[in-house]
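K.L.:
need a structure here:
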Amino acid sequence: MRTQLLLIPLLAGLLAACGKSEHPTPAVAPAPAPVAAAPAPAAPVDGAKGAEVFKNTCAMCHQTGVAGAPKLGDKPDWAPRIAQGPDLLYKHAIEGFSGDKGAMPAKGGNPSLSDADVKAAVDYIVAQGR
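P.N.:
Got it, this is the predicted structure:
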């Protein structure tokens, strides 16, 4: 009887192992080779952002001409400024400017604006002045 009791667990173990693969599975799969990230595409000009910044910051002066600011869409007033090129317009808008025709506070008086936001607003304004 004692021998039969020992055989029962042995048979149960053999039956449980029936149908299992004999090939061991690796404990840890090999790490995949690192993949170089593709460079991010250049950010598109965001006309909506420029319009938003204009509305919230720039319009205070560029809608009414305060402090000699050229008005939005005033092509004759914008033409000589646009002719100076975008880099100078960006510089004056970001750093501020004071000249014969008026003054431009740095970032339109809103220091919380990023340079990219100011450039978007300049691009928007220039597009309206062409």
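K.L.:
confidence score at Lys101?
P.N.:
Note on Lys101: pLDDT of 82.
K.L.:
One more: the one 10 residues further on?
P.N.:
Residue-level confidence at Pro111 comes out at 97, pLDDT.
K.L.:
any idea how far Arg68 lies from Ala116?
P.N.:
Just so we're on the same page, residue 68 is Gly rather than Arg. Using CB to CB, to the nearest Å, one gets 26 Å for the distance from Gly68 to Ala116. The C-beta positions use only the backbone N, C-alpha and C, and glycine is treated the same way.
K.L.:
Tell me where the protein has helices.
P.N.:
Secondary structure of the chain (DSSP state H): helices at 2-17, 47-53, 59-62, 75-83, 86-95, 115-129.
K.L.:
Over the longest one, what's the mean pLDDT, rounded is fine.
P.N.:
When pLDDT is averaged along helix 2-17, the result is 48.
K.L.:
Where does pLDDT dip in the protein?
P.N.:
1-46 (pLDDT under 70).
K.L.:
pretty sure Asp123 is touching Ala51, no?
P.N.:
No: taking contacts as CB atoms under 8 Å, Asp123 lies outside contact range of Ala51: 10.1 Å.
K.L.:
which non-adjacent residue is nearest Asp115?
P.N.:
In space, and not counting its chain neighbours, Asp115 is closest to Ile94: 5.5 Å by CB to CB, 6 or more residues apart in numbering.
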